[in-house]
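Q: Here is my input, please return the structure:
(2 chains)
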Protein chains: 2
Amino acid sequence: MDMKTKSVLDDLRINGDRLWASLMELAQIGATEKGGVCRLTLTDLDRQGRDLVLKWAREAGMTVVIDKIGNGFMRRAGRNNALPPIMTGSHIDTQPTGGKFDSNYGVLAGIEVVRTLNDHNIETEAPIEVAFWTNEEGSRFVPVMMGSGVFAKAFTLEHAYAARDTEGKSVKEELERIDYLGPEEPGAHPIGAYFETHIEQGPVLEDNDITIGVVTGVLGIKWYDCTVTGMEAHAGPTPMALRKDALQVAAKLMQEVVAIALRYAPHGRGTVGMVQVHPNSRNVIPGRVKFSIDLRNASDELVDKMDVDIRAAVAKASEQSGLPITIEVVSNYPAQPFHTDCIQVVARAAEKLGYSNMPAVSGAGHDAVYMARLAPAGMIFIPCKDGISHNEIEDAKPEHITAGCNVLLHAMLERAGTV
Amino acid sequence: MDMKTKSVLDDLRINGDRLWASLMELAQIGATEKGGVCRLTLTDLDRQGRDLVLKWAREAGMTVVIDKIGNGFMRRAGRNNALPPIMTGSHIDTQPTGGKFDSNYGVLAGIEVVRTLNDHNIETEAPIEVAFWTNEEGSRFVPVMMGSGVFAKAFTLEHAYAARDTEGKSVKEELERIDYLGPEEPGAHPIGAYFETHIEQGPVLEDNDITIGVVTGVLGIKWYDCTVTGMEAHAGPTPMALRKDALQVAAKLMQEVVAIALRYAPHGRGTVGMVQVHPNSRNVIPGRVKFSIDLRNASDELVDKMDVDIRAAVAKASEQSGLPITIEVVSNYPAQPFHTDCIQVVARAAEKLGYSNMPAVSGAGHDAVYMARLAPAGMIFIPCKDGISHNEIEDAKPEHITAGCNVLLHAMLERAGTV
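A: Residues are numbered from 1 along each chain as shown, chains lettered A, B, ... in the order given. From the prediction side, this is the model:
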């Protein structure tokens, strides 16, 4: 590489206006009145979205492969196509009341990287691939992160095919119906490295006025159902001393969930999001309260310590109140640290480009979690307004959209190698 | 009165087996598989129940009047029929999953008193009346205690007529349909005194192994809706320090409700029975929590003190958390002390009969609350199993059923006067 080429590469920037325009165009498919997007996976709208993205990919000279779970791979050849591709990707399905960015951004940033390379006739050593993964959101079909999960063999294709929506339609039927049940065996091709750009979906970057989050990993998660059993009784005739009020015991434990999260700072998270009170009547002392517990932390070891603490709190509350309390794990996602090389590549790119940046953890799952099982992986976060996502008012600034894509461009170039 | 007559009166006892048999026969109408009764007000089953009770009343020589809200008055003439009647009564409508005793007992105890007087050819000075009140339970139509409320002019007949069930049927239509819209103006006839026997619906008598509760009054009640508004956010990406978790603030206030009740012992009651969490999703920090508060105490003054305390707690929680919290009164039932004379008559009767007894307060509303606005009133409680009512497993012992009715007999005889 001569000095001129190096300078050209260092000065390379994506076209932020073009990326923004593509984001806005894709957001028209399933656009809601409040400015959001409702494009549930494997619906007719999802097909329209997929078709548009693939049209753009083909216009950018990319070849397209669809696999048996409907994941799409758009490939720009490299100089040495025997090398595994450097991949970026995300998903284009949305929540029922979703926004324009989660995560059309992750897919269209990849397309923009390729368009930029085309603009400047830059050839990479390894091929570049852009992927969209089927059903990341999990709002129509369970499990979430379905396409990347099948690709990484976290669960089987048959398991995913059998999932049904509330109307009884299966994933397989819907893939066939929208013509996205492709020929490739999921996971059949190797990956050299994987990067994913995403809005943060949290308030940390905005709160710190930082442009780029260099994601070091994804928090481990344990989900529990906790049930306190008391005795229903009339609110009037039952004196305080003779009550077995399930809600009062549950309320103490709800606060304990937060206390445990604070004990394991800075990445400890504790949330009670769902509460069911039985019989839930104004003048009846609750006889049974079921509530969810969501514990997260940056390593499995820390999550395990939080697990010990919540079980101890439950045992103590049961002993003190005399009421039976059950706690059971309903889901368990191990923590996923990203690869040091990828973290450093992202950090270097942000620095080189002059963007303020900080290490970040992802509290939510992403397709990159499954990709990290197969190849070195990393993520790039940008701020979103008020940390809000999964909401029609989800918003992000064009300058941040551009910055994240520039970081992706330079990170992918470093990993793919240029001639 | 000569000595023989006095001795006959002192030795007078109701026929417990007959009363029990009538209770069991009435409980067949709307009997549920689990041993309870589902006989909602103004249904075909309610008509069957009303018809049976009136048949028994006529067989006992009583005259029958129905008023415009469907209240039934069954009258046994006295020697001086210009005197206002000594009345007892209750309701025969039940909760959807109600029991056999709440409060068929209160009505059939009155019939049994009359049967006993007939058996012994005892004439009272004032007439005796037994009433059943329409829609005490309020589970089909709101407001509760509808028939006695109209009778006592707590609200208008038109207001009651207009109430509709979930199928859109009105009280007036249903009264006409089951042929219980009578000719008498509600509240048209005066009452000399009113007694009501009832299962306690609480655990105090059983806990103290006491047969008769001499009810001194009914607790005042304030019902509130309290709403904490936070900010919905993802449970994963939102660090603890940046959360506005409405549930955590609500959980503290829920415990405050109990603390306030304990502060105003012995009759203070504080209950959170109903909780609505929004959006109630496992991995979303609650953005809004609405919950009910039920505060009760033996006097309006004490309820007012509790009101001051809960409002102070809400203000403090809002200040500490920075989250807006609203609290609004949705219902307010003043405390209703019973008349000293009636309390003493009941206590004397229990003593004379040799039943263990204690002062009791009623935590729940009863038709007697409205009657106390019109005439000296009192209530007689008997224990029920585990304090449970409004439940198909509601149960009471025959010996207690008999005892409560004997107390009613002697209390009514004292008030009505014998020749």
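Q: need the contact list for A:D395.
A: By Cβ atoms under 8 Å, 6 or more residues apart in numbering or on different chains, the residues touching A:D395 are A:99, A:101, A:384-385, A:388. Any C-beta I mention is one placed from the backbone N, CA and C, and that applies to glycine too.
Q: dump the residue contacts of the residue of the stretch 51-200 of chain A found nearest chain B.
A: In the stretch 51-200 of chain A, the residue that lies nearest chain B is A:E200 (6.2 Å; Cβ to the nearest Cβ). Applying Cβ under 8 Å, 6+ apart to A:E200 gives the contacts A:206, A:213, A:360, A:381-384, A:387, B:237.
Q: same thing but 6 Å
A: The contact partners of A:E200, by Cβ atoms under 6 Å, 6 or more residues apart in numbering or on different chains, come to A:213, A:381, A:383-384.
Q: Excluding chain neighbours, what is closest to it?
A: Of all residues not flanking A:E200 in the chain, A:F381 sits nearest, at 4.3 Å (Cβ to Cβ, 6 or more residues apart in numbering or on different chains).
Q: Check A:I325 too.
A: Ranked by Cβ to Cβ, 6+ apart and with sequence neighbours excluded, the top spatial neighbour of A:I325 is A:S318, at 4.4 Å.
Q: which stretches of the stretch 1-150 of chain A form helices?
A: Here the stretch 1-150 of chain A has its helices, by DSSP state H, counting those that start in this stretch, at A:3-11, A:16-26, A:44-59, A:104-119, A:146-151.
Q: in the second one, what's buried?
A: Right, the one you point to is helix A:16-26. A:16, A:19-20, A:22-23, A:26 (16 or more other Cβ atoms under 10 Å in any protein chain shown).
Q: Show me the contact partners of that helix.
A: Identification of contacts with helix A:16-26 by Cβ under 6 Å, 6+ apart yields A:104, A:108, A:112, A:398, A:402, A:405.
Q: Show me what from the stretch 101-250 of chain A comes close to chain B.
A: When proximity is defined by Cβ under 6 Å from any Cβ of the partner chain, the stretch 101-250 of chain A lies next to chain B at A:201-203, A:234-238, A:240, A:242, A:247-248.
Q: Report the buried members of those residues.
A: Buried among those (16+ other Cβ under 10 Å): A:201-203, A:234-238, A:240, A:247-248.
Q: could you point out the longest helix in chain A?
A: Taking DSSP state H as the criterion, chain A has its longest helix at helix A:300-321.
Q: Pull out the buried positions in the very next helix or strand once past that helix.
A: Next in sequence after helix A:300-321, counting helices and strands by DSSP states H and E, comes strand A:325-333. When burial is assessed from 16+ other Cβ under 10 Å, strand A:325-333 yields the following buried residues: A:325, A:327, A:333.
Q: One more: stretch A:90-103?
A: Across stretch A:90-103, burial judged by 16+ other Cβ under 10 Å covers A:90-95, A:97-103.
Q: cool, stretch A:383-402 as well?
A: Of the residues in stretch A:383-402, those buried by neighbour count under the rule 16+ other Cβ under 10 Å are A:383-385, A:387-392, A:394-396, A:400-402.
Q: Looking at those, which are in helices?
A: Among the buried residues of stretch A:383-402, the members found in helices (DSSP H) are A:400-402.
Q: Make JSON lines out of those and add distance to A:K352 and pLDDT.
A: Output for these, formatted as JSON lines (distance: Cβ to Cβ, whole Å; pLDDT from 0 to 100):
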{"residue": "A:H400", "distance to A:K352": "17", "pLDDT": "98"}
{"residue": "A:I401", "distance to A:K352": "19", "pLDDT": "98"}
{"residue": "A:T402", "distance to A:K352": "15", "pLDDT": "98"}
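Q: In TSV: these, plus distance to A:V53.
A: Below are these laid out as TSV (distance: Cβ to Cβ, whole Å):
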residue	distance to A:V53
A:H400	21
A:I401	17
A:T402	19
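Q: And the strands in the stretch 101-250 of chain A?
A: Using DSSP state E, counting those that start in this stretch, the strands of the stretch 101-250 of chain A run over A:128-132, A:193-199, A:212-218, A:220-229, A:233-234.
Q: now the longest one against helix A:300-321, angle please.
A: Between the direction of strand A:220-229 and that of helix A:300-321, the angle (axes from the mean of the first three to the mean of the last three Cα atoms, to 10 degrees) works out to 10 degrees.
Q: just the buried residues of helix A:16-26 now: which is nearest chain B?
A: For the buried residues of helix A:16-26, the nearest to chain B is A:L23 (20.8 Å; Cβ to the nearest Cβ).
Q: Need the pLDDT of the closest one.
A: Note on A:L23: pLDDT of 98.
Q: now for the longest helix of chain A, which elements pack on it?
A: Here helix A:300-321 touches strand A:220-229, helix A:246-263, strand A:325-333, going by 3 or more Cβ pairs under 6 Å, 6 or more residues apart in numbering or on different chains; DSSP states H and E.
Q: Redo these as TSV? Include mean pLDDT.
A: Compiled in TSV, the helices and strands packed on helix A:300-321 are given as follows (pLDDT from 0 to 100):
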stretch	mean pLDDT
strand A:220-229	97
helix A:246-263	98
strand A:325-333	95
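Q: any chance of those in CSV, with distance to A:G287 too?
A: Output for those, formatted as CSV (distance: least, Cβ to Cβ, whole Å):
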stretch, distance to A:G287
strand A:220-229, 7
helix A:246-263, 6
strand A:325-333, 14
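Q: Ok, which of the ones you listed comes nearest B:P127?
A: Comparison of these against B:P127 by Cβ to Cβ identifies helix A:246-263 as nearest, at 48.9 Å.
Q: partners of the helix or strand just after that closest one, with directions?
A: Going down the chain from helix A:246-263, the next helix or strand is strand A:269-271, by DSSP H and E. Sheet pairing of strand A:269-271 (DSSP bridges) gives strand A:288-297 (antiparallel).
Q: Now do the partner strand: distance to the chain's middle.
A: Its chain's C-alpha centre and that of strand A:288-297 lie 21 Å apart, by Cα atoms, centre = their mean, to the nearest Å.
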